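Colleague: Sequence below, structure please.
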Amino acid sequence: MFIFLSKKIAIPNNVKLRCASWNSEQGWIACGGQHGLLKVLRLESAAQTDGKGPRGIAAASNLTMNQSLEGHNGAVVCATWNANFKKLTTSDENGLIIVWVLHRGMWYEEMINNRNKSVVRDMKWTTDGQKICIAYEDGAVIVGSVDGNRLWGKEMKTQLAFVEWSPDGKSLLFVTKDGEVAVHDAMGNKVSNLTLYAVESRGGGNDYKIIGVHWYDGIEGHISQEAPTLAIAFRDGKVQITRGRFDENAVLIDTGMELTQVRWNNDGSVIALAGTQVDNSASKSDAPKEFNVVQFYDPFGRHLRSLRVPGSRIEALAWEGTGLRICLAVDSHIYFANIRPAYKWGFYANTLVYTYNRADQIENCVVFWDTKSDERCTKYIRGLLAIKAAEDNCVLVTKIYNEDMGTGEVNGQLVDDEQGVFKEIQYQLILCDTIGSPIESKIIDFEPLFVAMTSRHIVAASTDAIYVWQYKNSSAKLTGLVSGNGSQNQDAMDVSTISQLLQRGGGREKAFYIDETQGNDVEHFRYVARQLEDPICAICASESWIFAARASGLIHCFTLPHISLEMKYIVNCRPQFLALNCNSTLLSVIDINGLLTVMEVGAAGSLNTTQGKMLNFEKKDAWDVVWAEDNPELFVMMEKARMYVYRGLEPEEPVSSSGYLCYYKDLQVKAALLDEILANPEQPDKNMVIEFQTRSLRDAKALLDNVGLAEACEYIQDHPHPRLWSLLAEAALDQLDFGMAERGFVKCGDYSGIQYVKRLQLLNDRVKQKAEVAAYFQNFDEAEALYRKIDRKDLAIDLRQRLGDWFRVVQLVQSGGGNDDLLTHAWNMIGEYFSDRHKWEKAIKYYTQAKNTSALLQCFYALGDFNQLEALVNDIPESSPLLKEMAIKFTRAGLCQSAVETYVRMGDVKSAIDSCVLLNEWERAVGLAEQFNFPQIENVLTKYANHLMMNGKTLQAIELYRRANKSTEAAKLLAKLAKEVGKNPLRAKKLHVLAAFEVERMRKKMLDVSNLTSTKGTTAAQVTAQTLESLVQHDAATGEDRSLDNPWRGAEAYHLYLLAHRQLYTGRIERALRTCIKLSAYEDILEEREIYSLIALTAFYTKHYEQCSKAFVKLETLPGLDDKELQAMSELALKIFTTTRTEHQDPTMRPQECPNCRSYVKEWDARCASCSRPFPTCMMTGMSIQSQSTKTCKACRHVCIETEIRDQKNCPLCHTPYSFS
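Modeller: Predicted coordinates:
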């Protein structure tokens, strides 16, 4: 960073200032002093009306508010802002507190409070502005709300000096005059005392005084998750910075001066320490001189910069909300200093990479912004330390941690012995492209405090070691590779070899200590930290050199790519910034005081230290310098808020700017206004990256525009540069002065320009020459107009074709130029233009005009418009290979019918069947196989079904057979599955019903002759023959399995079995008995023990002892019963029939007659014993139907008594809805 004094404001009547505070949001500055002085000032930059003038700190800042506030009689000693509510709170030495509020652009009193007992020592608002804590000298503490209400008060019984809120507003720090720091909660209850490590480090004692405490609120995030935030400063120059209340690894700073002020900047990245320092360089006879100094440190205690301030004592210090300025209250003056922060940023390949912090992110936000296309890519990097860029890449330097449990050393670094955790601190170099994608990374063991990057190398250095990574190999090595026979022919190298070279990890790595003369391979280098009296303080690199400066002014020069110490120079300063020109002959040096000098780099010689040959050039207050990439004598430097361009050592007039220099090339300087960009980092404006033209470029343009070619040529000869010669050549071309144009192209080395001039000279028409020149300057409309003026539409069309402007080509062809082939080609190119941008509807419009079926196929498929694709099939010849492509697309989309039709159209039946199989459309596959005599499908179907059954997927196999229209196989599997699940009667019934339906479907297909009779030309004999063949096939199919001959029998059995149980459990035992007796006909399906046990039970309950006795006889004769079961059954039967004391007869029933022969029949008889007439069973009740009116199901053809199913909507057996007739 760099800092310089920029403005001074005197207070009238030489009134001494006592305090100052800067509003972080609105920019108001409050300053208080003796005799009740209180002023509110506001500095604003004067913006240019056209928006092109200097911005930021480079713009002139004027006082837009200077209001004196009256109300205090004593010296104003404390002032603090509430930025959220736009309030100012002040207090004087008499204890009077006034709250000021803004009204119509003026400040007025809102509240007044005077305790009249003691003076206010400190006042602080919480971060959200809701509460204020007021600390009095006598120990009284008052906490109030923003609306003026008192929340609580407390007497501390000690004299207070300072108070500070924690960032979350839950804790309060009170600093006493005795030097104690007490921690209290938000209600004033003491929690603990803060440990003062700075006091312990000096050996204790009570002779110390705390001069300030400041706790960074974290609103703008943190530069690192480890960054400390609580700073406590002591008068003797010691400063303690901790990470909150508890931190055993506090950062301790010894400034070496008497401190008076301590203050964090807006984002917690810099802490400012103001005080008085003694000049010990004075002679012994003279009294030591004191001067005011503001020292700046980062949160980790590294010194950044010092600022010397005139006056006797710095009474107050305040930061602007942006962190770009500070104000200092010294005596009766307010000094303003501008700060140029050391941003982490880089510029390469039109991409600006920068970082910022967010309060809701632990990681650093890194933005890769393409300044041409305005596209941004944001990455989140943890522990980012630095960014450097060159050519087409940038490198991100980060800090990483690896925690490992164990004992011993980890790379020689131990951190926590008590917990046994060995923490290895390592650092990573991440090589990125223009969108932030990591290409490669390297890990090193020392902290890279200084980083430099060239087009091929990355150089990182700590205070004692240097690491060099050759991340990009030379192109000469790639083209000069030799093959096995030693041939130097590049064509002999295959593509795979080139690919391996391009993908090879990052080239060579070297690492060495600064005192060594040769670089070592990184594998043989083991870093051990050393404390050097003369550490490294700056580095820079070019394509062939590395320059490393040390604190003593010694500069080591190493060669690249082979690391070797070639020279040593000594300069009379401590360098802070180094930069080499494009041919490594001049070295610019900026020292710690901001003095810029230029040293001449001699030829490599002895290793003895020689005094650097400094050119006769010095520039104070410099903070950046960039050499031109194309001229070793040109460079640009930044001095305060001005930019100077130098040719040799002669400066041009300065330009007011606060930009950070990106590069200097072609007599143009590109700079980025990082202050403005980082004010809104998520939405940067392209106008924040600006270009400056040097004076020679501006003068040359003025001469070419206003005077003439000859005078401009003379000027350029006196100020030669390729850019100026190129300007001259282009101006000569515009005037058709080919001699001067050729001369300009020769001077700037533009071979293609020379050839272009010669081609123009061959044209015999001056209008053609003007048109070609207009096209050269990209004035294409003018060039076309010139061609049309001479009636050469063909040349205009050719011009538009070269440009790829096919829309204009179509217009020109339709207006009378060109032919149909060219028009078709133009339509195709327009369609390709839209399809490349995924604008398929527009592409279809032009492809249709061009009749490009192949392109239309891709567009319709991308849109998912398969209806159009199906219509497109009919327009394609059968021999076209597009048909196969379309069929594949239909298959991928699951459109089986369309895929089959397309394959059949092209004659590929096998692929059609394969498509059906792939989409599980087996019915269609079998149909195709039968239609086209393709028998292999049966084997595929069987193998797949067997595979499913072997894996226990019987249901999937059944579904497969159903899809393939193989009802017989499906029914067999269903019946088999029903037998296996017989323990679950309901599931078994469902499976038998499905099996029966499959058999019915098979019968209907085989015996249905309607298709034959409807076929034209079919004779009765053919119909009869086909019917007989179907009957034979049916018998063959059902004869193999008995369950297929009467498919509904299994469903009937389980249905009646379930019905009997339902009737029994609902108390309809008479109906249950009739249904149970019907089950005896299904002994081949149901288990006999289950059947007769149910009959015996229901007969017992209905007192039909004859049926009960028959059931017990059947049970006792069942095979497979052991003696114990048989004995138990006999005992149960004996008990039943001995306790009933009745004959083994059924009770008298209502007489029933056979409708046919009028013989006596029982209610449960299935047929008449006399005439053998069968009685169907009602599926609703289980009764035998003898003479009742019935309804028949159309699906299963089973009957039910009409009166019993009046309220039913489905068949009780097959559950087919509304299918009764």
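
Colleague: Give me the neighbour count for the spatially closest residue to Lys472 that is not a sequence neighbour.
Modeller: Once flanking residues are discounted, Lys472 sits nearest to Arg456: 4.6 Å by C-beta to C-beta, 6 or more residues apart in numbering. For glycine as for every other residue, the C-beta is placed from the backbone atoms N, C-alpha and C. Counted with other C-beta atoms under 10 Å, the neighbours of Arg456 add up to 19.

Colleague: just Leu1118 next, same as before
Modeller: 14.

Colleague: need the contact list for it.
Modeller: 1088-1089, 1092 (C-beta atoms under 8 Å, 6 or more residues apart in numbering).

Colleague: So how do I select the buried members of those in ChimeraX?
Modeller: In ChimeraX syntax, the buried subset of these is picked out as below (16 or more other C-beta atoms under 10 Å):
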select :1088,1092
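
Colleague: so what does the strand or helix carrying Ala538 touch, helix or strand wise?
Modeller: In the assignment (DSSP states H and E), Ala538 maps to strand 536-541. When contacts are defined as 3 or more C-beta pairs under 8 Å, 6 or more residues apart in numbering; DSSP states H and E, strand 536-541 packs onto strand 450-453, strand 457-461, strand 545-550, strand 575-580.

Colleague: just to revisit the earlier point, the residue nearest to Lys472 is in contact with Ala541, isn't it?
Modeller: No: the pair Arg456 / Ala541 is not scored as a contact, 9.8 Å apart, by C-beta atoms under 8 Å.

Colleague: for the contacts of Leu1118, which one is nearest Phe246?
Modeller: Checking the contacts of Leu1118 against Phe246 with C-beta to C-beta, the nearest one is Arg1089 at 81.4 Å.

Colleague: next one: phi and psi at the residue nearest to the closest one when sequence neighbours are not counted?
Modeller: In space, Arg1089 comes closest to Leu1118 once its chain neighbours are excluded; the distance is 5.9 Å by C-beta to C-beta, 6+ apart. Dihedral pair for Leu1118: phi -70, psi 140, per degrees, to the nearest 10.

Colleague: Could you give me the buried positions within stretch 301-321?
Modeller: Judged by neighbour count using 16+ other C-beta under 10 Å, the buried positions of stretch 301-321 are 304-307, 309, 313-321.

Colleague: With stretch 444-464 instead?
Modeller: For stretch 444-464, using 16+ other C-beta under 10 Å, the buried residues are 444-454, 456-464.

Colleague: before we move on, what about stretch 1116-1132?
Modeller: For stretch 1116-1132, a neighbour-count test (16+ other C-beta under 10 Å) marks Met1129 as buried.

Colleague: same thing with stretch 354-366?
Modeller: The neighbour-count check on stretch 354-366 (16+ other C-beta under 10 Å) flags 354-357, 363-366 as buried.

Colleague: So what touches that stretch?
Modeller: Stretch 354-366 is contacted from outside by 218-223, 225, 267, 343-346, 353, 367, 369, 378-384, 387, 396, 436, 674, 677-678, 681, using C-beta under 8 Å, 6+ apart.

Colleague: Out of these, which sit inside helices?
Modeller: Secondary structure from DSSP state H places 674, 677-678 of the contacts of stretch 354-366 in helices.

Colleague: Just the pLDDT for Ile400.
Modeller: Note on Ile400: pLDDT of 88.

Colleague: residue contacts, it?
Modeller: Shown here is Ile400, whose contacts under the criterion C-beta under 8 Å, 6+ apart are 383, 426-428, 443.

Colleague: Generate a ChimeraX selection restricted to the buried entries among these.
Modeller: In ChimeraX syntax, the buried subset of those is picked out as below (16+ other C-beta under 10 Å):
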select :383,426,427,428
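
Colleague: Closest one of the contacts of Ile400 to Lys510?
Modeller: Nearest to Lys510 among the contacts of Ile400: Ile443, at 15.1 Å, using C-beta to C-beta.

Colleague: What lies in contact with the helix or strand containing that closest one?
Modeller: Element membership of Ile443 [criterion: DSSP H and E] is strand 438-444. Residues from elsewhere that reach strand 438-444, judged by C-beta under 8 Å, 6+ apart: 393, 400, 426-433, 460, 467, 469, 471, 505-506, 509, 511, 527.

Colleague: let's go with 6 Å and repeat that
Modeller: Outside strand 438-444, the residues that touch it by C-beta atoms under 6 Å, 6 or more residues apart in numbering are 426-433, 467, 469, 506.

Colleague: Tell me which two in these are the farthest apart.
Modeller: Across those (C-beta to C-beta), the longest gap, 23.7 Å, separates Gln426 and Asp433.

Colleague: got the residue ranges for the strands in the stretch 1-150 of the chain?
Modeller: 2-10, 17-22, 28-33, 38-45, 61-68, 76-82, 87-92, 96-103, 106-114, 120-125, 131-136, 140-145, 150-155 (DSSP state E, counting those that start in this stretch).

Colleague: Counting by contacts, list what the third one packs against.
Modeller: Read it as strand 28-33. Applying 3 or more C-beta pairs under 6 Å, 6 or more residues apart in numbering; DSSP states H and E, we find strand 28-33 packed against strand 17-22, strand 38-45, strand 76-82.

Colleague: residue contacts, the closest residue to Pro1212 other than its chain neighbours?
Modeller: Closest residue to Pro1212 apart from its sequence neighbours, by C-beta to C-beta, 6+ apart: Met1179 at 4.6 Å. When the contact criterion is C-beta under 6 Å, 6+ apart, the partners of Met1179 are 1198, 1200, 1212-1213.

Colleague: now do 8 Å
Modeller: By C-beta under 8 Å, 6+ apart, the contact set of Met1179 is 1052, 1055, 1198-1200, 1211-1213.

Colleague: what does Glu691 give?
Modeller: 668-671.

Colleague: Is it bridged to anything, and to what?
Modeller: Taking DSSP bridges, one finds Lys670 as the beta-bridge partners of Glu691.

Colleague: Over to Ile241?
Modeller: Ala231, Val251.

Colleague: Tell me which residues touch it, please.
Modeller: For Ile241, the contact set (C-beta under 8 Å, 6+ apart) comprises 228-232, 250-253, 271, 299, 301.

Colleague: let's see it at 10 Å
Modeller: 197-198, 214, 216, 227-233, 247, 250-253, 262, 264, 271, 297-301 (C-beta atoms under 10 Å, 6 or more residues apart in numbering).

Colleague: Make a ChimeraX selection of whichever of those residues turn out to be buried.
Modeller: Buried residues within the contacts of Ile241, by 16+ other C-beta under 10 Å, are selected in ChimeraX with:
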select :197,198,214,216,227,228,229,230,231,232,233,247,250,251,253,262,264,271,297,298,299
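
Colleague: any idea how far stretch 688-695 is from the chain center?
Modeller: Averaging C-alpha positions (C-alpha atoms, centre = their mean, to the nearest Å) puts stretch 688-695 34 Å from its chain's average.

Colleague: Can you mark which positions in it are buried?
Modeller: Within stretch 688-695, the residues that count as buried by 16+ other C-beta under 10 Å are 688-690, 692-694.

Colleague: Of the helices and strands packed on strand 536-541, which is nearest Lys39?
Modeller: Nearest of those to Lys39, taken as C-beta to C-beta: strand 575-580 at 37.5 Å.

Colleague: sorry, back to before: quick one: which of the contacts of strand 438-444 is nearest Ser879?
Modeller: Asp433 (48.1 Å).
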